[in-house]
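Trainee: Take this sequence and fold it.
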Amino acid sequence: KYSLKTFAELEASLSQASIQSLDQGAINFLNNPTVKVISIIVENAALAYLQEQGPARQILQPIFMLTGTATLADTKVVPVTLYLPALKNKN
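Mentor: Model prediction:
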C-alpha cells in the first residue's frame, strides 16, 4: 500500500536521519552540549520497524536503521546508529 524509498532516495535523504546512539550509548549527546559531530560515514542500512504507541492503537513505522562511524569535534571516531523514515514522500 505504501512505497519505500529507493536506494537513491535513501542516499538523497541522509541529511534527514536522526542520531539515536553514539558510541553504543556511552555518549549522551542529547544532554551534553559539548558533544559535536563533525561527520558521519554510513556503512550499513537495514529496514526496521519503529513501534509508535497511541491511546487507541499501535503503529509500526518502517524506518531505515543506519550504522557507521561518527567523527567528533575532539577527533574521536565512535560507532553511530541513526534512524531515517523509510516511506517514500508523497509529492
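Trainee: rest of the way, CA atoms for contacts and neighbours
Mentor: Noted.
Trainee: can you pull the contacts of the residue of the chain positioned farthest from its centre?
Mentor: Here the chain reaches farthest from its C-alpha mean at residue 56, the gap being 26.9 Å by Cα atoms, centre = their mean. Contacts for residue 56 were tallied using Cα atoms under 8 Å, 6 or more residues apart in numbering; there are none.
Trainee: Check what pLDDT it gets.
Mentor: On the pLDDT scale, residue 56 is placed at 71.
Trainee: can you tell me the helix or strand for it?
Mentor: Take DSSP states H and E as the rule and residue 56 turns out to sit in neither a helix nor a strand.
Trainee: Only the C-alpha atoms, please, for the longest strand anywhere in the chain, written as PDB.
Mentor: Selection of the longest strand in the chain by residue count, based on DSSP state E, yields strand 37-53. These are the backbone C-alpha positions of strand 37-53, laid out as PDB (Å, rounded to 0.1, in the frame of the first residue of the first chain):
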ATOM      1  CA  VAL A  37      29.500  15.500  15.500                       C
ATOM      2  CA  ILE A  38      31.700  16.700  12.600                       C
ATOM      3  CA  SER A  39      31.000  13.900  10.100                       C
ATOM      4  CA  ILE A  40      29.200  10.600   9.800                       C
ATOM      5  CA  ILE A  41      30.100   7.700   7.500                       C
ATOM      6  CA  VAL A  42      27.100   5.300   6.900                       C
ATOM      7  CA  GLU A  43      28.400   1.700   6.400                       C
ATOM      8  CA  ASN A  44      25.100  -0.300   6.600                       C
ATOM      9  CA  ALA A  45      21.400   0.200   6.200                       C
ATOM     10  CA  ALA A  46      18.700  -2.200   7.300                       C
ATOM     11  CA  LEU A  47      14.900  -2.000   7.200                       C
ATOM     12  CA  ALA A  48      13.400  -2.000  10.700                       C
ATOM     13  CA  TYR A  49      10.100  -1.100  12.300                       C
ATOM     14  CA  LEU A  50       9.700   1.600  15.000                       C
ATOM     15  CA  GLN A  51       6.700   0.900  17.200                       C
ATOM     16  CA  GLU A  52       4.700   4.000  18.000                       C
ATOM     17  CA  GLN A  53       2.000   3.800  20.600                       C
END
